[in-house]
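Participant: Requesting a structural model of the entry that follows:
(one chain, ligands or ions: 1)
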Amino acid sequence: MNASPPPLTAKTRLLGVIGDPVAQSLSPEIHNPVLRALGLDYRYLAFHVVPSELEAAVKGMAALGVVGFNATVPHKEALIPLMDRLSPQAEAIGAINTVSIGDDGALTGDNTDAYGFATAIEEAFTGNPATAPVVALGAGGAARAVLTGLVQCGFRTIHIANRTLEKAERLAEEWGKANPDATFTALPLEAEKLPLEEAGLLVNTSSLGLKGGGELPVFLDLARLGPDALVADIASFAKPTPLALAAKARGLTVQDGLPMLIHQAARAFNIWTGATMPVALVKRNLLGES
Ligand code: ATR
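Facilitator: Sure, this is the predicted structure:
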C-alpha cells in the first residue's frame, strides 16, 4: 500500500472532528493513516469548537466545502437543529456524531455510534443475544446509541440501570415503544435490583468511576456475573476504568471503548469517501501491533 500521503494541493479535501475539549480525540490518528494508506486525497483535523461558536463553525465548514466532520462532547445533541436532514439513526438516537456536507452545502446529520457499538459487540460476544439479558449502566447520551446498537445485535432483554431512575424509565419507555420485540426495564443502582447473575452482557455507558478512586460501588459485585459474561465499558480507553480492571481481575472478557470508536469511524469514513476502512490496519496502528 502507498504509505506516503498525496501532496497537499488545491484539490485536497478536508474532514475533521469538533469537540470541547477535542485534544484527547483519537479520530485524527484513526483516519489520517488510513487515508494515506489508501492514497485518498483528504486530511482529517481536530477543531476545538466551544458551544457558543457551534453554529458559526458548522456554517463555516459548509461555506469552505469541508466534506464532513465528526462531533464529540458536547455537540452531539446541539447539532440537530443545525442540520438540513437527519438519518433515521440520528433521529432515533437523538444525537449526531457524523455530519456530511453535500456539494450544495446541505448538511446531513448521521449517527454511526450504534453501528460502532453493535459491530464491536458482535466481535466479542460469543453467546446468543436473543436469550442473553443485558444490564446497561447509564441513561445519558451514550446510552441512547448503545441501546440502539443492542437492538441491532439482537438482544431482547435489556435492563437500563441508572442513578436517576426517572431517566432510565424514560429511555425504557421510548426504546420499548420503538422496538416492540425487545423488553426494556428501568432499574435503580441497587445491588438487590441488578440481575447480574443472569446477565450475558454488562455494559457501562455512564461516567461512573471515571474520576476518583478505584473502588467499585457495592452494587457492582462482579462475583455475581457468570464466567461467560462479557463486560463492555465504552468509557474505558488507554487508562482502564475501575470496572474494566475489576472485570479483568476476575478473569472476565472485557471490551473497552476502542473497538466501538474504530467501527463508528469506519462507517463515517465510508459515508464521506465511499471507501472501506481497513479496520485491521487501524487496530494495528492504534495498538502498536506489528
Ligand atoms: P454521556 O453523553 O457520556 O452519556 P451524560 O449524558 O452526562 O453523558 O450521562 C452521564 C451518565 O453517567 C448518566 O447516566 C449519569 O447518571 P444520572 O442520569 O443519574 O446523572 C451517569 N453518572 C455520572 N456520574 C455518576 C456516578 N458518580 N454514579 C453513577 N452514575 C453516574
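
Participant: how close does residue 147 get to residue 89?
Facilitator: For residue 147, the distance to residue 89 equals 12 Å [CB to CB, to the nearest Å]. In this view, the C-beta of every residue, glycine as well, is placed from N, C-alpha and C.

Participant: between the two, which one's more packed in?
Facilitator: residue 147 (30 against 23; other CB atoms under 10 Å).

Participant: Wait, a strand at the more buried one?
Facilitator: No: assessed with DSSP: H, G, I helix; E, B strand; the rest coil, residue 147 is helix; it does not lie in a strand.

Participant: Kindly report the residues of the stretch 1-150 of the chain close to the ligand.
Facilitator: Within the stretch 1-150 of the chain, the residues that sit near the ligand (CB under 6 Å from any ligand atom) are 138, 139, 140, 141, 142, 143.

Participant: Looking at those, which are in helices?
Facilitator: In helices, defined here by DSSP state H, the members of those are 141, 142, 143.

Participant: Most neighbours among these, please name it.
Facilitator: residue 143 (25 neighbours).

Participant: Now for it: which residues touch it?
Facilitator: 136, 160, 162, 171, 205, 206 (CB atoms under 8 Å, 6 or more residues apart in numbering).

Participant: Over to residue 49?
Facilitator: 18, 19, 20, 22, 57, 75.

Participant: go with 6 Å
Facilitator: Listed by CB atoms under 6 Å, 6 or more residues apart in numbering, the contact set of residue 49 reads 18, 57.

Participant: Per-residue pLDDT of it, please?
Facilitator: Note on residue 49: pLDDT of 98.

Participant: Show me which residues of the longest helix seen in the chain are buried.
Facilitator: With secondary structure taken from DSSP H, the chain has its longest helix at helix 258-273. Across helix 258-273, burial judged by 16 or more other CB atoms under 10 Å covers 258-269, 271-273.

Participant: Same check on stretch 122-136?
Facilitator: Within stretch 122-136, the residues scored as buried using 16+ other CB under 10 Å are 125, 129, 132, 133, 134, 135, 136.

Participant: next one: stretch 191-204
Facilitator: 194, 195, 196, 199, 200, 201, 202, 203, 204.

Participant: Then stretch 237-252?
Facilitator: In stretch 237-252, counting by 16+ other CB under 10 Å, buried: 240, 241, 242, 243, 244, 245, 246, 247, 252.
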